[in-house]
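>>> when you get a sec, could you give me coordinates for this:
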Amino acid sequence: MALYSLDHSHLAMHEPGVKGKAAAHLIYTIHSGTTVAVLEERTGITTYARSAIKEYCARRESMAGKNGRIVEKLIVALPLEATRAQQIALMQALADHITKGEAPYVAALHAAGSAENNPHAHIDAFDQSRALPPGKTGRPSKIIGLSRKGALEQLRADWSTIHNRMMAEWGYGCRFQG
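Numbers count the residues shown, from 1 in each chain. Here you go, the predicted model:
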């Protein structure tokens, strides 16, 4: 078994009419009629009320600056044969990998209604700069860094490795080589 589907887009402040789009997207991700599970890490959103989501995204927009990215949006296919708990584990493993356990994210599993036979995860990751070590000067690096050359291709390869390793561990008959 191999599953490599990973779609990426982003919202950046330099795009016309971008204000409010991150919030609208996040509200859809969380409140879609096909959503069956939501994971949130390091955002500080304590409720999934639309007003809390809008407030969080407005803060991210103001932090991004005129050319900054607000959110990295990913959609990944998940295996239909995996259990719900396994699908959530795959979604979380990829989100943790993308954010390196540091950047905030919201991930939602869509697997009900019209998505019942097409389970997939929406991962909305909010990049931020790493703090510079004491005594260092210069521009801090981004944690996620998907704007770097070759980063998306590397992420797709990483996703296939994560997916195939976990499916092999769960006994789905695939051989993991990596």
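>>> ok, the host helix or strand of residue 70: who's next to it in the sheet?
Following DSSP states H and E, one finds residue 70 within strand 69-77. Partners of strand 69-77 in the sheet, by DSSP bridges, are strand 6-12 (antiparallel), strand 120-125 (antiparallel).
>>> number of nearby residues for residue 92?
If you count neighbours by other C-beta atoms under 10 Å, residue 92 ends up with 18. Yep, even glycine has a C-beta here, placed from its N, CA and C like the rest.
>>> likewise for residue 65?
Residue 65, neighbours per other C-beta under 10 Å, totals 11.
>>> pull out the buried positions in whichever helix in the chain runs longest.
Longest helix of the chain, by residue count under DSSP state H: helix 151-169. By neighbour count with 16 or more other C-beta atoms under 10 Å, helix 151-169 contains the buried residues 155-156, 159-160, 162-164, 166-168.
>>> need the max-distance pair from those.
Using C-beta to C-beta, the two most remote members of the buried residues of helix 151-169 are 155 and 168, lying 20.3 Å apart.
>>> what's near enough to touch the spatially most central residue of the chain?
By C-alpha atoms, centre = their mean, the chain has its centre lying nearest to residue 123, at 2.6 Å. Residues near residue 123 by C-beta atoms under 8 Å, 6 or more residues apart in numbering: 73-76, 91, 94-95, 98, 105-107.
>>> check residue 155 too.
Going by C-beta under 8 Å, 6+ apart, residue 155 touches 6, 8, 98, 146.
>>> report pLDDT for the residue lying farthest from the centre of the chain.
Farthest-out residue of the chain from its mean C-alpha position, per C-alpha atoms, centre = their mean: residue 135, at 32.4 Å. Residue 135 is assigned 82 on the pLDDT scale.
>>> helix/strand/coil for residue 44?
What DSSP: H, G, I helix; E, B strand; the rest coil gives for residue 44 is coil.
>>> and the helix or strand harbouring residue 24, how far from the chain's centre?
For residue 24, the element it lies in under DSSP H and E is helix 21-31. The chain centre lies 13 Å from the centre of helix 21-31; the measure is C-alpha atoms, centre = their mean, to the nearest Å.
>>> average model confidence for whichever helix or strand comes after that helix?
Once the chain leaves helix 21-31, the next helix or strand it forms, by DSSP H and E, is strand 35-41. Averaging pLDDT along strand 35-41 gives 95.
>>> still on that earlier bit, quick one: buried ones out of the contacts of residue 123?
By 16+ other C-beta under 10 Å, the contacts of residue 123 give 73-74, 76, 91, 94-95, 98, 105-107 as buried.
>>> good, wrapping up.
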